[in-house]
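K.L.:
Give me a 3D structure for the following:
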Amino acid sequence: MDGDAVILEETPIRREMFHQWICVKNMFLTKDMEYVNVSLPWMPDRFAMVPQLVEKQVKTEKEAALRHGTKTPRYLHIASNTNNRWGHNRSYRLQVYSFAGDHLPESEPEERSMSWARYKVAITKQKDLERTSSSLYNQNGMWTPAVDFSKYVEDNENIENEDLVAWVTAGFLHIPHAEDIPNTVTVGNGGGVLLRPHNYFNEDPSIHSADSVFFSPGAENSCDNNRMACLAQETCSPVLEPFTFHGFEGVMKFED
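P.N.:
Numbers count the residues shown, from 1 in each chain. Coordinates of the predicted model:
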């Protein structure tokens with residue numbers, strides 16, 4: 001997998017990051033809950049709207065270009081045509097966390113130099129000539145950009161059982177405020193994307209990791225189970241001073 005990133009900064013600070021993943025011979029699937037009008041089993045003449053899981057395969061680049069500000073399926077998958085032992089497509093889920101604001105209107109002539117920012121996620125067929133979403137030279141020729149990402153989508157090629165590229169945009173808006181002094185608060189100010197296995201394995205792979213070590217109270221100083229209790233006996237271990245803790249005594253002082 002390859003990756004490239006483009007960062008834009010404004011005042012107030014608005015950051016958008018662009019990532020790229022290349023996946024071989026796959027398809028793009030979406031999953032979400034949708035309400036379906038069904039008859040009630042105990043009263044067949046009465047109907048109710050019931051949420052059901054709906055899975056769809058997206059087959060063209062224009063369908064797979066998910067714009068900011070539009071309703072996006074909550075599960076996005078890059079999936080292979082092979083199944084795990086439960087009969088589900090082995091896939092990776094793209095989970096995007098983004099608080100990006102409105103994109104520059106497409107009516108503006110310079111927008112084509114940053115057209116990648118139109119999309120929260122865009123899935124395209126891999127091409128050797130479509131390696132980056134933008135170019136360093138776009139800033140010098142915004143009206144005739146060296147790389148116009150929107151053209152990657154406009155040719156609307158088939159993306160079924162192809163080498164796919166996932167273009168993901170994530171960002172956030174940070175308006176400076178007094179609580180940024182002396183350090184900018186990071187809690188709640190973030191955006192990004194997780195690439196998570198989804199039905200890729202037959203079970204949780206962590207169960208195959210080495211077992212934990214259990215020792216009962218009072219045995220923490222035994223070298224049999226707790227190697228940390230015997231550091232002083234190790235040839236190359238560092239010499240550590242005994243650790244003591246007396247709370248905040250002598251640290252926090254309150255004056256009238």
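K.L.:
Now do the end-to-end distance for stretch 122-141.
P.N.:
Start-to-end span of stretch 122-141 (CA to CA, to the nearest Å) is 24 Å.
K.L.:
What residues sit buried inside it?
P.N.:
Across stretch 122-141, burial judged by 16 or more other CB atoms under 10 Å covers A122, I123, T124, K125, E130, T132, S133, S134, S135, N138. From N, CA and C alone the C-beta is placed, and that goes for glycine too.
K.L.:
now, which of those residues sits nearest A146?
P.N.:
S135 (4.2 Å; CB to CB).
K.L.:
right, and that closest one touches A146 too?
P.N.:
Yes. Counting by CB atoms under 8 Å, S135 does reach A146; the two are 4.2 Å apart.
K.L.:
that older thread, let's see which of the buried residues of stretch 122-141 end up in helices.
P.N.:
For these, not one is inside helices, with DSSP state H as the criterion.
K.L.:
In strands, which of these fall?
P.N.:
Of those, the ones assigned to strands by DSSP state E are A122, I123, T124, K125.
K.L.:
Quick check: mean pLDDT of stretch 175-191?
P.N.:
Averaged across stretch 175-191, the pLDDT comes to 82.
K.L.:
Show the end-to-end separation of that stretch, please.
P.N.:
With CA to CA as the measure, the ends of stretch 175-191 fall 15 Å from one another.
K.L.:
Same check on stretch 140-155?
P.N.:
With CA to CA as the measure, stretch 140-155 spans 26 Å from end to end.
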